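Novice: my questions concern the predicted model and sequence given below.
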Amino acid sequence: EADIYQTPRYLVIGTGKKITLECSQTMGHDKMYWYQQDPGMELHLIHYSYGVNSTEKGDLSSESTVSRIRTEHFPLTLESARPSHTSQYLCASSDPRGTEAFFGQGTRLTVV
Amino acid sequence: DAKTTQPTSMDCAEGRAANLPCNHSTISGNEYVYWYRQIHSQGPQYIIHGLKNNETNEMASLIITEDRKSSTLILPHATLRDTAVYYCIVKAGGTSYGKLTFGQGTILTVHP
């Protein structure tokens, strides 16, 4: 079983609110990622980190930001949520050998 | 990363083998073939990967053609719980692993 956790699983929030999606892993992995997936659509990489104090933007442009202060945590923040941010957000980490990526269960965000 | 082509959907009877093809004709020598699956919008789950030899684990078998331009994921005895979207991804291992590019995948439906 993968030890990577996302909270909350579901979130419904009003427009303009600031939100933080939590992601934590207990495997000691340096590499962590955030993917975004609209219903029935492909996953797209929006952020990644190769270690503490390292963050990069992914292939899909996103208004969200991330931070990596500790190895085990990789939170994603939206300063002002909008309906266009409604989506599923999936966090992942990968082992040092680069053989497998572990995904969390995802956070399904709805902005009303 | 090399591009992959998969059928949009496939059906399989419960208890029978499910054979999911993937074409990756532009694969380069240092790229591996990875398979992941995503069950009903949960986080993707790693299944198996290989370079050029056939591989087998407790979940599936991976058959890679000698020229490495295509591969087949085999679920030997499909169950209803194997209904999912299956992604074939070609990527070099090592430091950049984890920045996965997910295509549309194959929707596998296992029916009683």
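Specialist: Thanks, I have the structure now.

Novice: now do the strands in chain B.
Specialist: Using DSSP state E, the strands of chain B run over B:9-13, B:18-23, B:31-38, B:45-50, B:55-56, B:61-64, B:70-75, B:84-92, B:106-111.

Novice: and chain A, which of those strands is closest to it?
Specialist: Set against chain A and scored by CB to the nearest CB, these come closest in strand B:45-50, at 4.5 Å. To be clear about C-beta, it is placed using only N, CA and C from the backbone, and glycine gets the same treatment.

Novice: what's the closest one packed up against?
Specialist: Under the contact criterion of 3 or more CB pairs under 8 Å, 6 or more residues apart in numbering or on different chains; DSSP states H and E, strand B:45-50 touches strand A:101-103, strand B:31-38, strand B:55-56, strand B:61-64, strand B:70-75.

Novice: in TSV: those strands, plus mean pLDDT.
Specialist: As requested, these are arranged in TSV below (pLDDT from 0 to 100):
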stretch	mean pLDDT
strand A:101-103	93
strand B:31-38	94
strand B:55-56	96
strand B:61-64	98
strand B:70-75	98
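
Novice: got the ones you listed as TSV, with distance to A:G58 columns?
Specialist: Rendered in TSV, the data for the helices and strands packed on strand B:45-50 read as follows (distance: least, CB to CB, whole Å):
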stretch	distance to A:G58
strand A:101-103	14
strand B:31-38	17
strand B:55-56	29
strand B:61-64	27
strand B:70-75	26
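
Novice: what bits of the chain have low per-residue confidence?
Specialist: Just going to use chain A. A:1-2, A:98 (pLDDT under 70).

Novice: um, chain B though
Specialist: If you take pLDDT under 70 as the line, chain B has these spans: B:93-98.

Novice: same thing but 80
Specialist: Low-confidence regions of chain B, defined by pLDDT under 80, span residues B:1-2, B:41, B:93-98.

Novice: which of the helices and strands packed on strand B:45-50 is buried the deepest?
Specialist: Per-residue neighbour counts averaged over each of these give the maximum for strand A:101-103, namely a mean of 24 (mean count of other CB atoms under 10 Å in any protein chain shown).

Novice: direction included, what does it pair against?
Specialist: For strand A:101-103, the paired strands and their directions (DSSP bridges) are strand A:87-94 (antiparallel).

Novice: between the strand it pairs with and strand B:45-50, how many degrees?
Specialist: Computed with axes from the mean of the first three to the mean of the last three CA atoms, to 10 degrees, the direction of strand A:87-94 lies at 50 degrees from that of strand B:45-50.

Novice: now strand A:87-94 against strand B:31-38, angle please.
Specialist: Strand A:87-94 and strand B:31-38 meet at an angle of 130 degrees, taking the same axes, to 10 degrees as the criterion.

Novice: how about the contacts made by the residue most central in space within chain B?
Specialist: When chain B is reduced to its mean C-alpha position, the closest residue under CA atoms, centre = their mean turns out to be B:W35, at 3.3 Å. B:W35 makes contacts with B:20, B:22, B:46-49, B:60, B:62, B:73, B:86-89, as judged by CB atoms under 8 Å, 6 or more residues apart in numbering or on different chains.
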